[in-house]
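1. Give the three-dimensional model of this entry:
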Amino acid sequence: MDFPNLKTERLKLRQITEEDLGNIYSGLSHPEVIKYYRVNYSSLDAIREQLAWYAELERTRSGIWWAIISDEDDIFCGAIGYHNISPIHKKAELGFWLLPEFWGKGFIQEAMAPVLDYAFQDLRLHRVEAFVETENISSQNTLKKCHFQQEGILRDSEFKNGRFISVAVFSLIDEQ
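-> A predicted model of the protein is given here:
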């Protein structure tokens, strides 16, 4: 199956490749990006694990992630995608992150439109869910702008950086 490249007015969404190694390291080692993200890496070599994870998701069809690229200058901005795709339950988990210099520009909201269309039309999912740390107000607001509904909070559900954190559960249902 060919990788589904997607496009918006300002962005190109394409397959993550080995050439993205340095950009992914810049994001997933940046203190402000990983503050609310579940993975982080301390070396460029360790980022190869993340690239292998993206490739394995595609190989097993259990997920798909896109590099978010500025259409104007071909600069890598971040990543968005799905993992834990369940064909039986017709659902997947959404994740996303941006390099800090691209925050506040509406890129995730813009990228999410074709990514959600892909989930509901091509993958024929019924539900897309997102799990967001309760302190990550920015990501919660982005999800709400994209019509996700908060379903609840998993109190003290994860242990991170020496303390328990709570996670808000959001979902978007395909009403068609």
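
2. From here on, just use CA atoms for contacts and neighbour counts.
-> Fine.

3. could you pull out the helices for this protein?
-> Along the chain, counting by DSSP state H, helices occupy 21-28, 31-34, 44-60, 107-117, 137-145.

4. Could you check the angle the fourth one makes with helix 137-145?
-> Same thing as helix 107-117. 40 degrees (axes from the mean of the first three to the mean of the last three CA atoms, to 10 degrees).

5. Let me know the average pLDDT across helix 107-117.
-> Helix 107-117 carries an average pLDDT of 98.

6. CA atoms only for it - export them in PDB, please.
-> Taking Å, rounded to 0.1, in the frame of the first residue of the first chain, the C-alpha atoms of helix 107-117 are listed here in PDB:
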ATOM      1  CA  PHE A 107      -0.700  23.800  12.500                       C
ATOM      2  CA  ILE A 108      -2.100  20.900  14.600                       C
ATOM      3  CA  GLN A 109      -5.700  22.000  14.100                       C
ATOM      4  CA  GLU A 110      -5.000  22.400  10.300                       C
ATOM      5  CA  ALA A 111      -3.200  19.000  10.000                       C
ATOM      6  CA  MET A 112      -5.900  17.300  12.000                       C
ATOM      7  CA  ALA A 113      -8.600  17.900   9.400                       C
ATOM      8  CA  PRO A 114      -7.200  15.600   6.700                       C
ATOM      9  CA  VAL A 115      -5.900  13.200   9.300                       C
ATOM     10  CA  LEU A 116      -9.400  12.800  10.700                       C
ATOM     11  CA  ASP A 117     -10.900  12.500   7.200                       C
END
